[in-house]
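S.K.: Build the 3D model from these lines:
(4 chains)
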Protein chains: 4
Amino acid sequence: MPTPRENLVIANRILARRGVVDGFGHVSIRDEHRPDCFIMARSMAPALVTVDDLMRFDLDANPTDPDAPRPYLERFIHSEIYRLRPDVMAVVHHHAPSIIPFGATKTPLRPIYHMSGFLGAGVPVFDIRCDSGETDMLIRTRELGRAHANCLGPCAATLMRGHGATVVGSSLQQVVYRSVYMEMNARLQADAMRLGDPIYLTEIEARLASATNDGQLQRPWDLWAQEVTEVSD
Amino acid sequence: MPTPRENLVIANRILARRGVVDGFGHVSIRDEHRPDCFIMARSMAPALVTVDDLMRFDLDANPTDPDAPRPYLERFIHSEIYRLRPDVMAVVHHHAPSIIPFGATKTPLRPIYHMSGFLGAGVPVFDIRCDSGETDMLIRTRELGRAHANCLGPCAATLMRGHGATVVGSSLQQVVYRSVYMEMNARLQADAMRLGDPIYLTEIEARLASATNDGQLQRPWDLWAQEVTEVSD
Amino acid sequence: MPTPRENLVIANRILARRGVVDGFGHVSIRDEHRPDCFIMARSMAPALVTVDDLMRFDLDANPTDPDAPRPYLERFIHSEIYRLRPDVMAVVHHHAPSIIPFGATKTPLRPIYHMSGFLGAGVPVFDIRCDSGETDMLIRTRELGRAHANCLGPCAATLMRGHGATVVGSSLQQVVYRSVYMEMNARLQADAMRLGDPIYLTEIEARLASATNDGQLQRPWDLWAQEVTEVSD
Amino acid sequence: MPTPRENLVIANRILARRGVVDGFGHVSIRDEHRPDCFIMARSMAPALVTVDDLMRFDLDANPTDPDAPRPYLERFIHSEIYRLRPDVMAVVHHHAPSIIPFGATKTPLRPIYHMSGFLGAGVPVFDIRCDSGETDMLIRTRELGRAHANCLGPCAATLMRGHGATVVGSSLQQVVYRSVYMEMNARLQADAMRLGDPIYLTEIEARLASATNDGQLQRPWDLWAQEVTEVSD
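M.R.: Prediction:
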């Protein structure tokens, strides 16, 4: 039975192997013993993360260990979501290829099939320029982190214009599931829009499908975890 | 010479490796000794299935072993097809990416080349909403299973709106072949429609090509089976 | 230094690994000692071919060994090209995904970059229906083989409506190179057509680029051969 | 700590593994000890390059060793850029699939997200026909090399009509990063254009994002280098 930190390492590798993150992107969990803290790797490629690379942060996004190594620039995405959303236990930030076009155009991301019912509540697009003019596009301050968390609201994910996406979950398994199937939905929706006018799931269908899939999260996790464990052994 | 159950395990792995199923989806065979029963894995990712994970179900989709583990929610897809179609010896249900856009739009899936002649009889689209209003999109009851099997009629496959596809065959080799080339046809047809007006196979061409390919099913099976055997050894 | 038959085995595996052939498709060479004969595998998936699976055929597509195993149904594609085109020393027939949409629509395949200059002389589309009405789409007779070879004329490749493509070369290395980059050109041309009006190579540019690349055939062959040798060792 | 030549070998393999180069394409570095020279492999597939295959060239693109093996035909791309751009320490020339359509149409390549801010200064398209009429499309002379380098100007990359792209950097890590994310940007921009009118990074956003990412180059390099080292060990 892996510890929460071991599962966080596995989550890093799953997201890398399935193309959600590449050399960039990060995943965190709320600290089970101290809900005002979260755990995330030091600044490095997710595929290479080990347990020794994990750090603890407080909700100001400061490392709790004064001798900690260099953290991710965008840790404020995580801290401000944990502050505003007590229900959130895990956060993924990524630049998966298929979602970038949705952040760069006015096309809303909508659930094309039951696997992505969690998108049914909407996916707000955060444009950093509205909050702070022209920047390097990164969420590098508490203020930007808060603006982004407010944009997320009660939803499962945001798109970030010219940047990427952020996904939240009530567990690590759920946030990994949502990250994988949000990426897939983006591809399938773009393909469907080229064929004709897609019929999306209704709000009720999306909510019901999402509830059903929340009871099945262990199934894909078991598969994905085995894939990355084989690789690293 | 593998047993039917060993071949069913190989089929699970072929479908996973070739991207027809992922963490979800399932494949079954009719029990050769008891045609009123079928064999399918317990609820788990197809790539991980072994012979020990296989269960037997009756045509009410109940496990014949009272101590059986948790089954797939959508086993009623299989049971009702076996009931209505005595010619069907194997069934695959999946959410392969390329077919989802065809289920979500009004574009009929049609045979773009001889490899998918089996699509020539048409691919009906099942919309669960027509039968039972807004649901979690899953075929979780006998009634929904029967409605879906009726929609299939004498065809080789259905598309399911906002959900996936179901494919049938007179043998395990045939249903795997059809699943792989239906997925491929969806990609090629979508690509062709962006180039111009595709010329599809005529009904006669499709039927003749399908008959020829039914004499060649062992060839790709041998290749695909070796790929997944190498992996697991 | 591999023998011609060993190189033919390597070519089978290269074409499989690079997605030009899958469970179907075939590659042949003219017999260096008997130019009225050619060498090709028995009916099987190209990725699995070994030297022991190779057979010799005369230009009527009959095996020269009366005890030979089951041959490919479409060996007449090869025999009739070798008969009509004395310059051709190697032939590939395949169903690579990217070229199918070009055979199914009226869009001519044209050289989008210097790597595929060999397409500059045109790629005729063979529609079997024009020669023999509705069939199973296969070239299963001398007559159909001759009609197809006539359609090829002096070109480097044909597209076959609802079926696939056939590529010829003055050496095995050349026909493999052409098969790989014809497949690539189809993808790139389709992508370019979605961006705007592509500027294709002129006839002269195509001819000059093709001549230059014919002096570089060993370079990709060395790479591709090593990839498939690593796999099989 | 790898030497510059060992890193150049790693760069060859990274670019091959990530699909920027295939059997063709090349990467060079300016000689740290002799800035009027550069180091590049002999004419061969990048994935197979070892330290023993590296050669030194002067700025006339002549090997400094009179017994050197056969060089790449297009070494003049490199020599003339090193001559005109003293800031450039590394050059990549490639035919990555996603960028070819941008060179073949009038669609400018623009930064769709922060990862490719280095494209913000523009990507000029070099059409060899404007300088020397119909050719085999290759930069095989000093004159063509100079025309191409002039077209590059102060930018980070060019597209070459009907041919490929050339990317420059102030370090090997930077030119590899830019090659990978220019390829990715081409894919994402093409996808976004099919969804709607993309909102590109402004010139200021692009410049600021590029400066930030230049401080993060080691992160993806570490990941990519480990991937190709695992393969070759």
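S.K.: Let me see the backbone angles for the most centrally placed residue in chain A.
M.R.: The C-alpha lying nearest the average C-alpha coordinate of chain A belongs to residue A:92 (CA atoms, centre = their mean; 2.4 Å). Main-chain dihedrals, residue A:92, degrees, to the nearest 10: phi -120, psi 130.
S.K.: End to end on stretch A:38-53, go ahead and measure it.
M.R.: Terminal residues of stretch A:38-53 are spaced 14 Å apart (CA to CA, to the nearest Å).
S.K.: can you pull the buried residues of it?
M.R.: A:38-49, A:53 (16 or more other CB atoms under 10 Å in any protein chain shown). For every residue, glycine as well, the C-beta is placed using N, CA and C.
S.K.: hmm, that stretch touching chain D?
M.R.: Yes. Interface with chain D: stretch A:38-53 contributes A:43-45, A:47-48 (CB under 8 Å from any CB of the partner chain).
S.K.: Out of those, which is nearest to residue C:10?
M.R.: residue A:47 (32.9 Å; CB to CB).
S.K.: Tell me how far the residue lying closest to that closest one once chain neighbours are set aside lies from chain C.
M.R.: Residue nearest to residue A:47 in three dimensions, not counting chain neighbours: residue A:16, with 3.7 Å by CB to CB, 6 or more residues apart in numbering or on different chains. Residue A:16 sits 24 Å away from chain C, taking CB to the nearest CB, to the nearest Å as the criterion.
S.K.: anything in the helix or strand bottoming out on mean pLDDT in chain A sitting right up against chain B?
M.R.: In chain A, the helix or strand scored least confidently by mean pLDDT, DSSP states H and E is helix A:218-232, which has a mean of 88. Yes. Shown here: helix A:218-232 in contact with chain B (CB under 8 Å from any CB) through A:219-220, A:222-224, A:226.
S.K.: And stretch A:161-178, by the same measure?
M.R.: No. Counting by CB under 8 Å from any CB, chain B is not contacted by stretch A:161-178; separation bottoms out at 8.8 Å.
S.K.: Stretch A:51-66 - what's its average pLDDT?
M.R.: For stretch A:51-66, the per-residue pLDDT values average out at 97.
S.K.: and chain A, which of its residues are near chain B?
M.R.: So chain A meets chain B at A:111-115, A:117, A:184, A:187-188, A:191-192, A:194-202, A:204-205, A:208-209, A:211-212, A:216, A:219-220, A:222-224, A:226 (CB under 8 Å from any CB).
S.K.: Quick one: buried ones out of these?
M.R.: A:111-115, A:117, A:184, A:187-188, A:191-192, A:194-195, A:198-201, A:205, A:208-209, A:212, A:216, A:219-220, A:222-224.
S.K.: what's next to stretch A:80-88, contact-wise?
M.R.: A:30, A:35, A:38, A:59, A:91, A:142, A:145-146, A:148-150, A:152, A:154, A:166, A:168-170 (CB atoms under 8 Å, 6 or more residues apart in numbering or on different chains).
S.K.: what sits against residue A:179?
M.R.: A:15, A:20, A:92, A:94, A:96, A:167.
S.K.: Now name the helix or strand holding it.
M.R.: Secondary structure from DSSP states H and E places residue A:179 in helix A:172-195.
S.K.: Next secondary structure element downstream of that helix?
M.R.: helix A:203-214.
S.K.: pLDDT of that following helix, averaged?
M.R.: 98.
S.K.: how far out from the middle of the chain is it?
M.R.: 19 Å (CA atoms, centre = their mean, to the nearest Å).
S.K.: Tell me what angle it forms with helix A:218-232.
M.R.: 50 degrees (axes from the mean of the first three to the mean of the last three CA atoms, to 10 degrees).
S.K.: Give me the packing partners of helix A:203-214, helices and strands only.
M.R.: Using 3 or more CB pairs under 8 Å, 6 or more residues apart in numbering or on different chains; DSSP states H and E as the contact test, no helix or strand touches helix A:203-214.
S.K.: contacts for it?
M.R.: Taking CB under 8 Å, 6+ apart as the rule, helix A:203-214 contacts A:111, A:114-115, A:117-121, A:174, A:177, A:201, B:73, B:129, B:134-138, B:162.
S.K.: Taking chain A, what residue is nearest to chain C?
M.R.: residue A:194 (9.2 Å; CB to the nearest CB).
S.K.: quick one, what contacts that residue?
M.R.: B:101, B:190, B:193-194, D:194.
S.K.: can you tell me which two in the residues of helix A:218-232 next to chain B are farthest apart?
M.R.: Taking CB to CB as the measure, those span a maximum distance of 11.7 Å, between A:219 and A:226.
S.K.: surely residue A:123 meets residue A:152?
M.R.: No. At 9.5 Å, residue A:123 does not count as touching residue A:152 under the criterion of CB atoms under 8 Å.
S.K.: which neighbours do the two share?
M.R.: Contacts common to residue A:123 and residue A:152, judged by CB under 8 Å, 6+ apart, are residue A:158.
S.K.: What's the nearest residue in chain A when you look at chain D?
M.R.: residue A:23 (3.0 Å).
S.K.: show me what contacts the residue nearest to that residue when sequence neighbours are not counted?
M.R.: Of all residues not flanking residue A:23 in the chain, residue D:220 sits nearest, at 3.0 Å (CB to CB, 6+ apart). Contacts of residue D:220 were listed using CB under 8 Å, 6+ apart, and they are A:22-24, A:45, D:177, D:180.
S.K.: Out of those, which is nearest to residue C:10?
M.R.: residue D:180 (30.4 Å).
S.K.: For the closest residue to the closest one other than its chain neighbours, grab the count of nearby residues.
M.R.: Closest residue in space to residue D:180, ignoring its immediate chain neighbours: residue D:18 at 5.5 Å, by CB to CB, 6+ apart. When neighbours are defined as other CB atoms under 10 Å in any protein chain shown, residue D:18 has 19 of them.
S.K.: Surely residue D:18 touches residue D:181?
M.R.: No. Using CB under 8 Å, residue D:18 is not in contact with residue D:181, being 10.3 Å away.
S.K.: picking that back up, state the pLDDT value of the residue of chain A closest to chain C.
M.R.: pLDDT recorded at residue A:194 is 96.
S.K.: show me where pLDDT drops low in chain A?
M.R.: When residues are selected by pLDDT under 70, those of chain A lie in A:231-233.
S.K.: Chain D contacts on that one?
M.R.: A:22-24, A:43-45, A:47-48, A:73, A:95, A:97-98, A:100-107, A:129, A:134-138, A:161-164, A:190, A:193-194.
S.K.: let's go with 7 Å and repeat that
M.R.: Contact residues, chain A versus chain D (CB under 7 Å from any CB of the partner chain): A:23, A:43-45, A:47-48, A:95, A:97, A:100-102, A:104-107, A:134-138, A:161-163, A:190, A:193-194.
S.K.: Quick one, which of the residues you listed are buried?
M.R.: A:23, A:43-45, A:47-48, A:95, A:97, A:100-102, A:104-105, A:107, A:135-138, A:161-163, A:190, A:193-194.
S.K.: Among the contacts of stretch A:80-88, which ones are in helices?
M.R.: With DSSP state H as the criterion, helices contain A:142, A:145-146, A:148-150, A:152 from among the contacts of stretch A:80-88.
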